[in-house]
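**Q** Here's my sequence, what's the structure:
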Amino acid sequence: MLTFNKNYFLFAVILFIIEVLIALYVNDRIIRPYAGDFLVVILIYCAVKTFLRAPPFKVAVGVLLFSYFVEVMQYFKIIEVLGLQKNNVARTVIGVGFDWIDLIAYLLGILTILFIENARSKQRGTTSISN
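**A** The predicted model follows:
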């Protein structure tokens, strides 16, 4: 069901700002490539939950599958296929290089979301994150 959740929206905006700051100002071998990937699935999850009232598990799985799809498209050089190799925004958003470790970062981000959602549902007295 469509909705607007201001809390998820706020988290998505904060995470977006963090991601932009990482992209602009961090050029290392850990934070930018791995923490950025860890956070991006949380950002996407929060963005989806801003507008869609759906069970956390289903949204989390959808976000994980989407993230894996984008990563696989990097393996097939989708940026070059689309002719966007000179577009810095596309290169940053879509990415240019497949990395198995990125898949692990995405999974860890989704597991973090599920852990948080489970803790929140217990705090609210509901029984499952699938509701």
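
**Q** Could you pull out the buried residues of stretch 8-26?
**A** 8, 11-12, 15, 18-19, 22 (16 or more other CB atoms under 10 Å). C-betas here are computed from N, CA, C, even on glycine.

**Q** if you look at the residues you listed, which of them are in helices?
**A** 8, 11-12, 15, 18-19, 22 (DSSP state H).

**Q** Next, name the residue at the spatial heart of the protein.
**A** Val41 (1.4 Å; CA atoms, centre = their mean).

**Q** With the flanking residues excluded, which residue is spatially nearest to that residue?
**A** Leaving aside its sequence neighbours, Val41 sits nearest to Gly109 (CB to CB, 6 or more residues apart in numbering; 3.8 Å).

**Q** My guess is the one you found contacts Ile42. True?
**A** Yes: using CB atoms under 8 Å, Gly109 is in contact with Ile42, at 5.1 Å.

**Q** Quick check: mean pLDDT of the longest helix anywhere in the chain?
**A** In the chain, ranked by residue count with DSSP H as the criterion, the top helix is helix 100-124. Averaged across helix 100-124, the pLDDT comes to 95.

**Q** what about dumping the CA coordinates of the strand or helix carrying Val41 to CSV?
**A** Val41 is part of helix 36-51, with elements assigned from DSSP states H and E. Extracted in CSV, the C-alpha atoms of helix 36-51 (Å, rounded to 0.1, in the frame of the first residue of the first chain):
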residue,chain,number,x,y,z
GLY,A,36,29.3,3.0,1.0
ASP,A,37,27.9,-0.3,-0.3
PHE,A,38,26.8,-1.3,3.1
LEU,A,39,25.0,2.0,3.6
VAL,A,40,23.5,2.2,0.1
VAL,A,41,21.2,-0.8,0.6
ILE,A,42,20.0,0.7,3.9
LEU,A,43,19.4,4.0,2.0
ILE,A,44,17.4,2.2,-0.7
TYR,A,45,15.4,0.2,1.9
CYS,A,46,14.5,3.5,3.7
ALA,A,47,13.6,5.1,0.4
VAL,A,48,11.2,2.3,-0.5
LYS,A,49,9.7,2.1,3.0
THR,A,50,9.1,5.9,2.8
PHE,A,51,6.4,5.3,0.2
